[in-house]
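> I'd like to go over a predicted model; first the sequence, then the structure.
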Amino acid sequence: MQARKLGGLSVSAVSLGCFTYGGEDGLAAAIDRALELGVTMLDTSDSYGVGESERLVGRAVKHRRGRVVVATKFGHIRLPGDARPRGVCGRPEYAKQACEASLARLGSETIDLYYLHRVDPEVPIEDTVGAMAELVREGKVRYIGLSEAGPQTIRRAHAVHPLAAVQNEYSLMSRDAEAILPLLRELGIGLVAFSPLGRGLLAGEVQLAENDARRLFPRFKAENLGANLSLAQRLQRLRPDATPAQIALAWVLSRGDDVVAIPGTRRRERVEENVAAAAIQLTSDERVELDRLFPPGAAAGARSFDLAQLGREAPQKR
């Protein structure tokens, strides 16, 4: 497995996202297989399963902690038994409280890479990152990052404390992250691509359980789902020796040696398929063809949703 740099961290080009749609069953086996195959970073959050994913990751790496980079996040609020996001909180005191809770669930003294999961518009980013920098000085966090942040926010945050990574959605279906790549490279920050398979759409098949959080996303609504799944059929015709998911992952990895992909799955066979994508080298002609087949805006429906449109209020920040 090729190693790539996120600031001072060295991680596998294909790592594992530990948010699984429809429950945590099977995730432990998927993690074990990923680590066997050379994956060196596990990406989780305190909001995944409202802390259950962190507990599972902690158990999985307990006896091999020094060989695994553990990344987690805070600031995206969810409630027990409800997969729907309920708001964001980036207050400095909350950052420290959330870190202590994550360390306890992970059973660890240090978090390797700690992200602000979503930027809180009510709190200056300098205040949030300042609190994260204190966690670094205290030895509770090694490196910090942001998720879903824009260029001005990234620059302001990086001025307070160096960012190792910015984690944004990036795939053939969602190419907005390309707008920040030049800035990240100017500042020496790595890009971690979450949902590099379009939350499974680019794998060519989607099965949605009743509690599947993807039902909240416009691209999985009935009026859009069929059109988006048909996009994967274009991948099937491109290269017979690779699956659609492998081609999609190879494309993300081809965007630069400072880009890391974190596809999420709870199936061992999918882990094997995703890891094998790291060995695929796309030709220049294939990359041109993929850009033609998947121009920005090719997907039907917005990539995410607006909390206000779901008729919910963010919780009070304390």
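On my side now, so go ahead. Being a predicted model, the structure only gives us computed values, none of them experimental.
> Quick one: residues contacting W251.
Neighbour list for W251: L172, L282, R287, L290 [criterion: C-beta atoms under 8 Å, 6 or more residues apart in numbering]. In this view, the C-beta of every residue, glycine as well, is placed from N, C-alpha and C.
> What subset of those is buried?
L172, L282, L290 (16 or more other C-beta atoms under 10 Å).
> which residues does the residue nearest the centre of the chain form a beta bridge with?
In the chain, the C-alpha nearest the mean C-alpha coordinate belongs to F194, at 3.1 Å (C-alpha atoms, centre = their mean). F194 has the following beta-bridge partners by DSSP bridges: E169.
> That one is in contact with V166, isn't it?
No. Assessed by C-beta atoms under 8 Å, F194 is found out of contact with V166, at 10.7 Å.
> what's the overlap in contacts for the two?
Shared contacts of F194 and V166, defined by C-beta under 8 Å, 6+ apart, are found at S147.
> how about the nearest residue to R175 once chain neighbours are set aside, secondary structure?
Nearest non-adjacent residue to R175, counting by C-beta to C-beta, 6 or more residues apart in numbering: P296, 4.8 Å away. Put simply, P296 is coil when judged by DSSP: H, G, I helix; E, B strand; the rest coil.
> following the helix-or-strand element of the chain with minimal mean pLDDT, which helix or strand shows up next?
Using mean pLDDT, DSSP states H and E, the weakest-scoring helix or strand in the chain turns out to be strand 82-88, at a mean of 65. Downstream of strand 82-88, the first helix or strand assigned by DSSP states H and E is helix 92-106.
> Show me what that next one is packed against.
If you count contacts as 3 or more C-beta pairs under 8 Å, 6 or more residues apart in numbering; DSSP states H and E, helix 92-106 packs onto helix 52-61, strand 69-74, strand 111-116, helix 125-137.
> would you list those in JSON lines and tack on mean pLDDT?
Formatted as JSON lines, these follow (pLDDT from 0 to 100):
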{"stretch": "helix 52-61", "mean pLDDT": "91"}
{"stretch": "strand 69-74", "mean pLDDT": "97"}
{"stretch": "strand 111-116", "mean pLDDT": "98"}
{"stretch": "helix 125-137", "mean pLDDT": "98"}
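> so where's the stretch 101-250 of the chain uncertain?
Scanning the stretch 101-250 of the chain for pLDDT under 70 picks out 211.
> Strands along that one, start to end?
For the stretch 101-250 of the chain, the strands defined by DSSP state E, counting those that start in this stretch occupy 111-116, 141-147, 165-169, 190-194.
> out of the ones you listed, which comes closest to S230?
strand 165-169 (20.5 Å; C-beta to C-beta).
> thinking again about what came up before, how near is the residue nearest to the centre of the chain to R65?
In this structure, F194 and R65 are 23 Å apart, going by C-beta to C-beta, to the nearest Å.
> next one: E223
46 Å.
> Name the residue in those two with the higher neighbour count.
R65 (15 against 9; other C-beta atoms under 10 Å).
> The nearest residue to the more buried one once chain neighbours are set aside: what's it in contact with?
Spatial nearest neighbour of R65, chain neighbours left out: S108 (6.7 Å); criterion: C-beta to C-beta, 6+ apart. Residues near S108 by C-beta under 8 Å, 6+ apart: G58, R65, V70.
> ok, so of those residues, who is nearest R137?
For the contacts of S108, the nearest to R137 is V70 (19.4 Å; C-beta to C-beta).
> Can you give me the neighbour number for L293?
Look at L293: counted by other C-beta under 10 Å, it has 14 neighbours.
> same thing with G75?
G75 has 25 nearby residues by other C-beta under 10 Å.
> what's the pLDDT at it?
The confidence metric pLDDT takes the value 93 at G75.
> Quickly note the distance from the spatially closest residue to it that is not a sequence neighbour to R67.
Nearest residue to G75, sequence neighbours excluded (C-beta to C-beta, 6+ apart): H117, at 4.4 Å. Note on H117: its distance to R67, by C-beta to C-beta, is 25 Å.
> Report the contact partners of the nearest residue to M1 once chain neighbours are set aside.
Nearest in space to M1, with sequence neighbours left out and distances taken as C-beta to C-beta, 6+ apart, is G38 at 3.4 Å. Neighbouring residues of G38 by C-beta under 8 Å, 6+ apart: M1, S12, V275.
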